[in-house]
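S.K.: here are the coordinates; sequence isn't available:
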Ligand code: TXA
Ligand code: MG
């Protein structure tokens, strides 16, 4: 590689030059010292670390650091991690190496671990994103440390991807994102860890993990005792919450494909994805998936999942995936890091197939729930009719029948069969009697329905809320219709007078109740509701 430092004296203006040439460097001693010289003179070099490739610049040079933000298209309030080659190089960057910091540094560094401390004055605002703290990391990868040592300055290095895209774990992905935008890229092979470092702040009362990584919570706690996990690590940041780590508020790791995580065991996941059309899967090695797919390690090996995840996300783009159903990782140990990245790549969309029912379908009488059921059945949903199950569970000889007789009188059983009219007369006599009936019937009905649930299942339940079955359903869909229309429909359907129909309608939940308690409301006012049903299915599946 031919290289002269003199070519690199004005890196910022070079960045602004669209014809900028990017050097592709090896890990030879000569190339590493060339890379160091570029960084020292204010240029940008992408280099391998054990986590992901980093895009390095002199952390103490405001202009050099600004060119990192420009090359990545990164918001300038998102601070950078300062990388050092030796533990001795940490002290000048921080106000104090606290006892906890010292314990972590001694126990782990060099490691895929970043420690945040109050910063010293030599750290420019551009590096700390305007914060009073600085993130410090000493990478394990020897090429990374050699580059930093060759630079002779602390090196600010975010992941070497275009902001928002998956972090690069192979040199080719750095080239895809950064060629022509940086001075040099070192090809150091594949990254061993595959997800970015664990970030922990020691600048708060209780040490708090801001980003999970290969150094797990348990490993850290074994050294410094109890640590917290920032709420944004596993959940979505609320609208008015501020991120402890600015990076958490931005869109992250997202390929072009739209990813949805499917929380299901192996068989349920396979059954689900293998019946999806025009879709791709992001699954584990051992999943039996028949649609086009990319794997990201085996189900039991979270380190392997971490190593392969970002590569898999990029491959999905390469094969032109648009809609991707990803198998949910578990969340313990290193898998917490995998989950944290994947849930962001999926923009927090999760289909929960661990709930017995995919859709709890409810609505007032006469709203036209039956038609919605037919439509869902035609789309392959398994429909469980709770009215039917309600009759089944009180069949001749059933234990429930005995229980009803004990509460409402032995004469409600005639020739072994339930006298429905008599039971209704007694159970609906007053509210406390109705409550007794429900307390016997509802749990038995739901229990039986859960036994029958299989794959994508709709619980067709007019009394979904009364039976308290909401939390057994992944999504709740209510069907409503204008009152007059409902009265018309039930008089025609049940052969009752308009007056009787009005009375029935009057005792039911109103539209506001359904709206407040459901994920989706279908308004079935006599027009075509296919569009509404399609929209719901597009959103939840
Ligand atoms: O593994 C890694 O850490 C890689 C390699 C290249 O070392 N680097 C990396 O940097 O992932 P980056 O910039 O992509 O992510 C740094 C994260 C961001 O989420 C940022 O908001 C957070 O660390 N961070 C940096 N300084 C911080 C500070 N002072 N306070 C809170 N969060 C900080
Ligand atoms: Mg990053």
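M.R.: Arrived safely, thanks for sending. Remember, it's a predicted structure, so these values are computed and weren't measured experimentally. Numbering: from 1, shown residues only. Ligands and ions are numbered 1, 2, ... in the order given.
S.K.: List the buried residues of stretch 203-210.
M.R.: Applying a neighbour-count criterion of 16 or more other C-beta atoms under 10 Å, the buried positions in stretch 203-210 are 203, 207, 208, 209, 210. In short, each C-beta sits where N, CA and C put it, glycine included.
S.K.: confidence score at the closest residue to the last one other than its chain neighbours?
M.R.: Yep, that's residue 210 we're talking about. Closest residue in space to residue 210, ignoring its immediate chain neighbours: residue 245 at 3.7 Å, by C-beta to C-beta, 6 or more residues apart in numbering. Note for residue 245: predicted pLDDT of 71.
S.K.: cool, residue 234 as well?
M.R.: 87.
S.K.: Would you mind confirming that it is in contact with residue 336?
M.R.: Yes. Residue 234 is within contact range of residue 336, at 7.5 Å (criterion: C-beta atoms under 8 Å).
S.K.: out of these two, which sits in the busier spot?
M.R.: Each of residue 234 and residue 336 has its neighbours counted (other C-beta atoms under 10 Å); residue 336 has more, 23 against 13.
S.K.: On the three-state scheme, that one is what?
M.R.: helix (DSSP: H, G, I helix; E, B strand; the rest coil).
S.K.: contacting residues for it?
M.R.: By C-beta atoms under 8 Å, 6 or more residues apart in numbering, residue 336 lies in contact with 212, 216, 217, 233, 234.
S.K.: Spell out which parts of this structure neighbour ligand 1.
M.R.: Where the chain comes near ligand 1, counting by C-beta under 6 Å from any ligand atom, the residues are 49, 51-52, 54, 78-81, 112, 114, 116, 128, 131, 133-135, 137, 139, 157-159, 196-197, 199, 210-211, 245-247.
S.K.: Among the residues you listed, which are located in helices?
M.R.: residue 128 (DSSP state H).
S.K.: what packs against the top helix by length along the chain?
M.R.: If you go by DSSP H, the chain has its longest helix at helix 431-452. Judged by 3 or more C-beta pairs under 8 Å, 6 or more residues apart in numbering; DSSP states H and E, the packing partners of helix 431-452 are helix 386-392, helix 399-408, helix 420-427.
S.K.: switch the cut-off to 10 Å
M.R.: Secondary-structure packing of helix 431-452 (3 or more C-beta pairs under 10 Å, 6 or more residues apart in numbering; DSSP states H and E): strand 357-363, strand 382-385, helix 386-392, helix 399-408, helix 420-427, strand 457-460.
S.K.: Only the buried residues of that helix, if you could.
M.R.: 437, 438, 440, 441, 442, 444, 445, 446, 448, 449, 450.
S.K.: Please apply the same query to stretch 273-285.
M.R.: So, applying 16+ other C-beta under 10 Å, buried residues of stretch 273-285: 273, 276, 279, 280, 281, 282, 283, 284.
S.K.: Just to check, the first one is in contact with residue 264?
M.R.: What it means is residue 273. Yes. Residue 273 lies in contact with residue 264 (C-beta atoms under 10 Å); the separation is 9.3 Å.
S.K.: Between the two, which contacts overlap?
M.R.: Overlap of the contact sets of residue 273 and residue 264 (by C-beta atoms under 10 Å, 6 or more residues apart in numbering) consists of 325, 327.
S.K.: Which single one of the buried residues of stretch 273-285 is nearest to ligand 1?
M.R.: Relative to ligand 1, the closest of those is residue 282; by C-beta to the nearest ligand atom it sits at 21.5 Å.
S.K.: Show the contacting residues for the closest one.
M.R.: The neighbours of residue 282, taking C-beta under 10 Å, 6+ apart as the test, are 255, 257, 259-262, 273, 289, 293-296, 309, 312-313, 315-316, 321, 324-327, 342, 345-346.
S.K.: same thing but at 7 Å, please
M.R.: For residue 282, the contact set (C-beta atoms under 7 Å, 6 or more residues apart in numbering) comprises 259, 293, 294, 296, 312, 316, 324, 326, 327.
S.K.: from the residues you listed, which single one is nearest residue 386?
M.R.: residue 327 (31.2 Å; C-beta to C-beta).
S.K.: pretty sure that closest one contacts residue 269?
M.R.: Yes. Residue 327 is within contact range of residue 269, at 5.4 Å (criterion: C-beta atoms under 7 Å).
S.K.: so where's this protein uncertain?
M.R.: Scanning the chain for pLDDT under 70 picks out 1-20, 239-240, 242-243, 247-251.
S.K.: For the spatially most central residue of it, pull up the helix or strand it's in.
M.R.: Taking C-alpha atoms, centre = their mean, the centroid of the chain lies closest to residue 343, which sits 2.0 Å from it. Assigned by DSSP states H and E, residue 343 belongs to helix 335-345.
S.K.: Which element is encountered next along the chain beyond that helix?
M.R.: The first helix or strand that comes after helix 335-345 along the chain, using DSSP H and E, is strand 350-352.
S.K.: Output the residue of the stretch 251-400 of the chain whose distance to ligand 1 is smallest.
M.R.: Closest point on the stretch 251-400 of the chain to ligand 1, by C-beta to the nearest ligand atom, is residue 252, at 8.5 Å.
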